[in-house]
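Peer 1: Sequence below, structure please.
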Amino acid sequence: MTKTFFVRWSTILSALLVVGLVAAPASRAGGKPTVTKEAFGSVDGRAVERYTLTNGRLRVKILTYGGILQSVETPDRHGHVTNVTLGFKDLAGYVDSKNAPYFGALIGRYGNRIANGRFTLDGVTHQLAVNNAPNHLHGGNVGFDKRVWSATPVTGPDSAGLRLTYVSPDGEENYPGTLRTTVTYTVTAEQGIRIDYRATTDKPTIVNLTNHAYWNLGGEGTGTIEDHRLRINAGRYTPVDSTLIPTGAIDRVAGTPMDFTRDTAVGARNRDGFQQLVFGRGYDHNWVLDRRDDTYRRLEFAARATDPASGRRISVYTTEPGLQFYAGNFLDGTLYGTSGHAYRQGDGFALETQHFPDSPNHPNFPSTVLRPGQVYQSTTIYRFGVEA
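Peer 2: Prediction:
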């Protein structure tokens, strides 16, 4: 009986470690967690800083401009460490980019698209910027990705973290209500990046926060991710029209190129003549995650991607109901990353945890309305590992 209890408790403990609900021993991290800061230029007279969070195995660089994940360094199966997220080497790349890629940025107030930039809340219609014609995208012309956030280091015995705050005034980008937002990045002992989002408002508004990191597990700037193998824990997705706005339907993935319920190479069906892939020039869709908890409070497995060549793996856990998988379809070779290499179509992929696109205009989708007295809370973990 004692042996059975020990086996069961070990199984439970392992599961908790996977989702980050308990901390692994500090010795597994490979070093003492640290947070350091350096100047990284300025925007409109406001200083921008770069913080480096590390635990000896995973090193993450975060900018106060846009809350951007600029670099994520993690080892491959042979212990070789490299940066696996796309980005620019200097601040000018993020500020001056005309082909806004949102590399690594915090997205708000509303991640993803809103049809015609318009929604109605409590009988009042709000017109937002149309910055992705004919729709509104990722918070508008000057979203959270283009704001300078206030930063406070947060460290623990097994983790290194950074708390970012931003107050979005009533009417900013035509959104109603003053939104007070806190996002905390934590590099955890189990080689993960935990992102905790929190927001409150003084007027009814809509909120859908996410992070727009692009990943290439072979290494930033090394080329295509089409050989990466992807699994998404979703039997359904939200099909879109030709402007990438959900139709309101929730369709099954079975029998279509949208089926990633088993590990499948990203590029295996990316060029199929499936109408949804034609609309998006490839994958740029929201998957409806298979969740056991429909209150969106519990961390559950969402997706896993693996690079067979390096062995690197990223697993995603979230409290969110949806996941936008974007395969870098609009990268066109005009942007040069931190390593100096051009980013071309399919050189990185995003796994954006979220509520569904255009939710305010689809009553059958999970609500994104936030009211005074309520607290918006969401958590996502990107956990890194290797396969033999």
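
Peer 1: Do I have it right that residue 136 meets residue 127?
Peer 2: No. Using Cβ atoms under 8 Å, residue 136 is not in contact with residue 127; the gap is 9.1 Å. In short, each C-beta sits where N, CA and C put it, glycine included.

Peer 1: For the two, work out which one has more neighbours and name it.
Peer 2: Neighbour totals were compared for residue 136 and residue 127, and residue 136 leads with 27 against 11 (other Cβ atoms under 10 Å).

Peer 1: any idea how far the residue nearest to the more buried one when sequence neighbours are not counted lies from residue 145?
Peer 2: For residue 136, ignoring the flanking residues on the chain, the nearest one in space by Cβ to Cβ, 6 or more residues apart in numbering is residue 117 at 3.6 Å. Residue 117 is 17 Å from residue 145, where distance means Cβ to Cβ, to the nearest Å.

Peer 1: Same question for residue 252.
Peer 2: Taking Cβ to Cβ as the measure, residue 252 falls 33 Å from residue 145.

Peer 1: Among those two, which residue is more densely surrounded?
Peer 2: Neighbour totals were compared for residue 252 and residue 145, and residue 145 leads with 23 against 12 (other Cβ under 10 Å).

Peer 1: which ones are touching the nearest residue to that one once chain neighbours are set aside?
Peer 2: Leaving aside its sequence neighbours, residue 145 sits nearest to residue 105 (Cβ to Cβ, 6+ apart; 3.5 Å). By Cβ atoms under 8 Å, 6 or more residues apart in numbering, the contact set of residue 105 is 66-69, 94, 144-145, 211-212.

Peer 1: and what of residue 379?
Peer 2: When contacts are counted by Cβ under 8 Å, 6+ apart, residue 379 touches 194-197, 299, 318-319.

Peer 1: Helix, strand, or coil at it?
Peer 2: Secondary structure assignment for residue 379 (DSSP: H, G, I helix; E, B strand; the rest coil): strand.

Peer 1: next one: residue 278
Peer 2: helix.

Peer 1: From the chain's centroid, how far away is stretch 359-371?
Peer 2: Centroid separation between stretch 359-371 and its chain, computed with Cα atoms, centre = their mean, to the nearest Å, is 20 Å.

Peer 1: Identify the residues contacting residue 223.
Peer 2: Neighbour list for residue 223: 216, 347 [criterion: Cβ under 8 Å, 6+ apart].

Peer 1: oh, I was asking about residue 69
Peer 2: Residues near residue 69 by Cβ under 8 Å, 6+ apart: 60-62, 85, 87, 104-105, 185, 193, 211, 213.

Peer 1: Residue 86 too?
Peer 2: 101, 103-104, 213-216, 220-221, 337-338, 343, 347-348.

Peer 1: Would you list the phi and psi of the residue nearest to residue 250 when sequence neighbours are not counted?
Peer 2: Distances taken as Cβ to Cβ, 6+ apart place residue 236 nearest to residue 250, at 5.2 Å, with adjacent residues excluded. Main-chain dihedrals, residue 236, degrees, to the nearest 10: phi -140, psi 160.

Peer 1: what's the burial count for residue 236?
Peer 2: 17.

Peer 1: Would you check that it makes contact with residue 252?
Peer 2: Yes. Taking contacts as Cβ under 8 Å, residue 236 lies within contact range of residue 252: 5.8 Å.

Peer 1: Residue 282 reaches residue 330, doesn't it?
Peer 2: No. Look at residue 282 against residue 330 with Cβ under 8 Å: they stay out of range, at 9.2 Å.

Peer 1: The two: which is more packed in?
Peer 2: The residue with more neighbours, out of residue 282 and residue 330, is residue 282; 26 against 14, by other Cβ under 10 Å.

Peer 1: Distance of that one relative to residue 147?
Peer 2: Using Cβ to Cβ, residue 282 is found at 30 Å from residue 147.
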